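**Q** Using only what follows, build the 3D model:
(one chain, ligands or ions: 1)
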Amino acid sequence: MAEAIIAGLLRRKLVGPEQVAGSHPRQARREEMHVKYGIEMFESNREAVTETYPEVTADSSMIVLAVKPQRLHGVLEELKGALVKEQLVVSIVAGAKIETIAEQLLHASVVRAMPNTPAQIGEGVTAWTASSEVTEKQESQVCAMLEALGKTVRVENQRQIDMATALSATGPTYIFLVMEALIDAGVHMGFSRHVAQDLVHQMMLGAVLFARESHKHPAELRNMVTSPGGTSAEAIYQMEKGGLRTVLSKAVWAAYQRAESLGKI
Ligand SMILES: NC(=O)c1ccc[n+]([C@@H]2O[C@H](COP(=O)([O-])OP(=O)(O)OC[C@H]3O[C@@H](n4cnc5c(N)ncnc54)[C@H](OP(=O)(O)O)[C@@H]3O)[C@@H](O)[C@H]2O)c1
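**A** Below is the predicted model of the structure:
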């Protein structure tokens, strides 16, 4: 995710490589990132945030926390007391609350954001919210940074970040599972795997673009292709009988509860 953010920022020329620094515990990864993006890489997180960069003033400096939730505590300990008041902390760590980060860092300006994996090709969607200490200028800078990953949605509170974690951040997993099942169904009927894959990929892409551009409710779009006694009616009957709608709803609810419980650990 951190690499997707760095790649997006540089691709859109929002900043130059000399204005970006990364940190990583493994030397091989540090070298890889340096060669690929021309950015400075540090072993120490603390050094990365206290270093100065050309044309980056304290009030335009952003620190992005992008480690796995179980590593966050150690990183916050390392950064404790190292930040100046004007710097902004942006966390994409699932479950981690703004208050927890602020308390552990002794730092008030914190943004919590929840991107998803299509961010890697600039087609992601990121929900975000900010603590009351974040200034308007910082908010627009965060928005510009997150737009390098795709669309952004400002949400009202952290409960909605957990909701977005379950819906849009975990969402690609649901779609990939459905995609895989449809490709397998194509193979089951006798298509070669690559033909089934081409048909399913383009069908899914087209269906999403059509839904978005037509501005019609999904049920209306579905009714348009469901002729009496036809193939869609038969397939929909089987999906409803198998509880697809309920399974999806339960999956999203379970992911939401998991996101909430991660925040309590
Ligand atoms: N992937 C998603 O779709 C997604 C979506 C929204 C939010 N998030 C959140 O984004 C965060 C990162 O997820 P990810 O998928 O990008 O994970 P990831 O690929 O594991 O990236 C985390 C990176 O941090 C490195 N790291 C470990 N300890 C570190 C330390 N002390 N200091 C600096 N770097 C350290 C890891 O190195 P090693 O590999 O050597 O351990 C790894 O390269 C998570 O908190 C996740 O909840 C992810």
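**Q** mean confidence score for stretch 144-155?
**A** Mean pLDDT, computed over stretch 144-155, is 95.
**Q** That stretch close to the ligand?
**A** No. Applying Cβ under 6 Å from any ligand atom, one finds stretch 144-155 separated from the ligand by no less than 10.0 Å. Just so you know, the C-beta spots here come from the backbone N, C-alpha and C atoms, and that holds for glycine as well.
**Q** Could I have the CA atoms of that stretch written out in PDB?
**A** Taking Å, rounded to 0.1, in the frame of the first residue of the first chain, the C-alpha atoms of stretch 144-155 are listed here in PDB:
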ATOM      1  CA  ALA A 144      -4.600  15.400  -3.100                       C
ATOM      2  CA  MET A 145      -2.400  12.600  -1.800                       C
ATOM      3  CA  LEU A 146      -5.200  10.100  -1.600                       C
ATOM      4  CA  GLU A 147      -6.500  11.100  -5.000                       C
ATOM      5  CA  ALA A 148      -3.300   9.700  -6.400                       C
ATOM      6  CA  LEU A 149      -4.800   6.300  -5.500                       C
ATOM      7  CA  GLY A 150      -8.200   6.800  -7.100                       C
ATOM      8  CA  LYS A 151     -11.400   8.300  -5.700                       C
ATOM      9  CA  THR A 152     -11.700   9.600  -2.200                       C
ATOM     10  CA  VAL A 153     -14.700   9.800   0.100                       C
ATOM     11  CA  ARG A 154     -14.600  11.900   3.300                       C
ATOM     12  CA  VAL A 155     -16.600  10.100   6.000                       C
END
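**Q** can you pull the buried residues of that stretch?
**A** For stretch 144-155, a neighbour-count test (16 or more other Cβ atoms under 10 Å) marks M145, L146, E147, A148, L149, G150, T152, V155 as buried.
**Q** so how far is that stretch from its chain's centroid?
**A** A distance of 10 Å separates the centroid of the chain from that of stretch 144-155, by Cα atoms, centre = their mean, to the nearest Å.
**Q** contacting residues around that stretch?
**A** 4-5, 8-9, 11-12, 14, 62, 90, 113, 115, 118-119, 122-129, 143, 161, 163-164 (Cβ atoms under 8 Å, 6 or more residues apart in numbering).
**Q** how does it look with 7 Å?
**A** 4-5, 8-9, 12, 14, 62, 113, 115, 118-119, 122-129, 143, 161, 164 (Cβ atoms under 7 Å, 6 or more residues apart in numbering).
**Q** Filter the residues you listed down to the buried ones and hand me the ChimeraX line.
**A** Buried residues within the contacts of stretch 144-155, by 16+ other Cβ under 10 Å, are selected in ChimeraX with:
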select :4,5,8,9,62,113,115,118,119,122,124,125,126,127,128,129,161,164
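**Q** ok, and of the contacts of stretch 144-155, which contact the ligand?
**A** Counting by Cβ under 6 Å from any ligand atom, the members of those that reach the ligand are P115.
**Q** which strands and helices sit next to the host helix or strand of Y256?
**A** Element membership for Y256 (DSSP states H and E) is helix 244-264. If contacts are counted by 3 or more Cβ pairs under 7 Å, 6 or more residues apart in numbering; DSSP states H and E, helix 244-264 sits against helix 158-164.
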